[in-house]
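> Let me see the structure of the following:
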Amino acid sequence: MTIDLSQRPNSRIYTFVGLNESGKTTILEAINTINTGYDNLTAHRLIPKHLKANFTGEVSVEAIVSVDQEDNNIIGSKFKELGYISYQPITEFSVNATCNFEGSKLKDSINYWDFSPVLQKANTSESIVLNADTKDWHTMVSYIKGNLMPRIVFYENLLFDFPERIYLTGKRSDESTNKPYKEIIEDILQEIIPNGSIQTTLLDNFLGKDTGDRDVFDAIQSKLEYKIGDEVFSSWGQLFNSSLRQASIALRFGIEPHNEETEFYLEIRLKENSDLYYISERSVGFRWFFHSCSLFFLERIGRPI
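Sure thing, here's the model as predicted:
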């Protein structure tokens, strides 16, 4: 798809309109990636879901930057300050951000400018092609990025970021950003099992040593997955008159040490066919919807929002 923003050069606001999960936010994230590069801590989310088990390859975004006459005049003047007597004007250069994976593990990430100006210094007739091995190249790239490149400010909406991990026990479970989600799990659990609790119903069976404990825990987990899925996807269907491609909820429980105590946690993911997604990996629209369902559930059961 080609999106030509120069068709209306006097516009100050452009609006992307499309179906939920059609790629609107992805376009904005791609533009922002050119400016900032990839985040190594979250790069694993870039792997195509159907290749998640064993992906060796690269994920990249490339931008072609146009350079007009005014830009070239400014670049030429800056090169003169660095001691060059001539600079051959260019029409464009590219900026590339790439993540390389091997066996689904991040191998390296590169933010590369394909900027190779042809220059000449005094007292020599030979041309010089500047590259990333030289100090002057880095000085010039920093100057262009800070003074000539369009300013990119990307605001991620944090108002409905659903946590990837909900802590059910320990100090972090009662933090303000976590506690509402813990309470949702408690209340859904009590709808399924009257007088049930995180400690006795979930944690004790999760830590149980015999097969019976594990069977009980698996049965409870299955009921929780069904209940949460029913809350979300039935509302989704009513609102949009459609299903979410045969999606279901997959829960993963675990324990981890934290400040001399062990915390019990839950991760909620979306399952489509054989692929698993964190809620944060879905579109902004769906994250908003999922978060709203959580708030509606709290309101319905009488919890303060």
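> contacts and neighbour counts: CA atoms only from here.
Fine.
> in which helix or strand would I find the residue lying closest to residue 108 once chain neighbours are set aside?
The spatial neighbour of residue 108 that comes closest, neighbours along the chain excluded (C-alpha to C-alpha, 6 or more residues apart in numbering), is residue 100 at 5.4 Å. Assigned by DSSP states H and E, residue 100 belongs to strand 92-102.
> swap in residue 64?
Per DSSP H and E: strand 57-66 holds residue 64.
> elements contacting the next helix or strand after that strand?
Note on strand 57-66: by DSSP H and E, the next helix or strand toward the C-terminus is helix 69-81. Using 3 or more C-alpha pairs under 8 Å, 6 or more residues apart in numbering; DSSP states H and E, the elements in contact with helix 69-81 are strand 84-87, helix 135-147.
> quick one: contacts of helix 69-81?
For helix 69-81, contacts defined as C-alpha atoms under 8 Å, 6 or more residues apart in numbering pick out 85, 86, 87, 89, 90, 140, 144, 148.
> Of all the residues you listed, the one with the weakest confidence?
Comparing pLDDT over these, the lowest score belongs to residue 148 (90).
> Look up how far residue 285 lies from the closest residue to that residue other than its chain neighbours.
Distance criterion C-alpha to C-alpha, 6+ apart; nearest residue to residue 148, sequence neighbours excluded, is residue 71 at 7.2 Å. Look at residue 71 and residue 285: by C-alpha to C-alpha, to the nearest Å, they are 39 Å apart.
> Then residue 132?
In terms of C-alpha to C-alpha, residue 132 sits 41 Å off from residue 285.
> And for residue 19?
9 Å.
> For the two, indicate the residue with more neighbours.
residue 285 (15 against 8; other C-alpha atoms under 10 Å).
> What is the burial count for residue 190?
There are 15 residues near residue 190, going by other C-alpha under 10 Å.
> low-confidence ranges in this protein?
8-9, 11-12, 155-161, 235-246, 294-305 (pLDDT under 70).
> Look up phi and psi at the residue lying farthest from the centre of it.
Within the chain, residue 123 marks the point farthest from the mean C-alpha position, 51.8 Å out by C-alpha atoms, centre = their mean. The phi/psi pair for residue 123 (degrees, to the nearest 10) reads phi 70, psi 20.
> got the contact list for it?
Residue 123 touches nothing, counting by C-alpha under 8 Å, 6+ apart.
> Compute the distance between it and residue 228, please.
With C-alpha to C-alpha as the criterion, residue 123 and residue 228 are 75 Å apart.
> Make a markdown table from the helices and strands packed on helix 69-81 and add distance to residue 247 and mean neighbour count to it.
Putting the helices and strands packed on helix 69-81 into a markdown table (distance: least, C-alpha to C-alpha, whole Å; neighbours: other C-alpha atoms under 10 Å) gives the following:
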| stretch | distance to residue 247 | mean neighbour count |
| --- | --- | --- |
| strand 84-87 | 57 | 17 |
| helix 135-147 | 43 | 14 |
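> Which among these is found nearest to residue 6?
helix 135-147 (21.0 Å; C-alpha to C-alpha).
> Since that was my last question, I'll sign off now.
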